[in-house]
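Asks: Need coordinates for the below:
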Amino acid sequence: MNTTPVISSLNNTYCKQIIDIILPIQQIEFNVPITLEAQPDLLDIETNYHRTGGNFWGAVYNEQLVGTIALIAFGDNAAAVRKMFVLKEYRGKELGIAQLLVDNLITYCRQNNITAIYLGTVDVMKAAHRFYEKNGFKRLEKHDLPKSFPLMSADNVFYELHLNN
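Replies: This is a model prediction of the structure:
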């Protein structure tokens, strides 16, 4: 049994496990009115993430997928963070899973010459806001997002991070 979280790239064979993490957090824990139908990207990870120049990662702990983060590349050296979720019982500094996921994403961006990272989230996810801000993300208004940023209908809070490669 591995007691150290491992971050690895996920493909379409993980779609059901990814959905089983994300939907309950969105719908039940945070009461965000979003359905699987509104997130068809979750049914085809390879097309929607890998083929854009981005990726989709998972955190595995004790042989269980416990967290996710994804990246969609768009525009000139820009990308959007998507699907950053960690099961409630695996959150916090003790295991540091969210931090491992973000660190992995930023390393990938640096290695792939992505210098501007954007993300959207919802106003009720206050702990997520604090986490992003602690990691250097700056809040910005929706109208200041790049025109090609892939918006999600539920998102109403936005952040950006510029990397100095």
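Asks: Buried ones in stretch 19-31, by neighbour count?
Replies: The neighbour-count check on stretch 19-31 (16 or more other C-beta atoms under 10 Å) flags 21-23, 25-26 as buried. Any C-beta I mention is one placed from the backbone N, CA and C, and that applies to glycine too.
Asks: got it, and stretch 30-49?
Replies: 32, 34, 39, 41-42, 45, 48-49.
Asks: Quick one: residues in contact with that stretch.
Replies: 10-12, 14-15, 18-19, 22-23, 26-27, 55-56, 70-72, 82-83, 122, 124-125, 152-154 (C-beta atoms under 8 Å, 6 or more residues apart in numbering).
Asks: What average pLDDT does whichever helix in the chain runs longest get?
Replies: Secondary structure of the chain per DSSP state H: the longest helix is helix 97-111. Averaged across helix 97-111, pLDDT comes to 97.
Asks: Keep only those of the buried residues of stretch 19-31 that are in helices.
Replies: 21-23.
Asks: Among those residues, which one sits closest to N104?
Replies: I21 (16.6 Å; C-beta to C-beta).
Asks: Just the pLDDT for that closest one.
Replies: 97.
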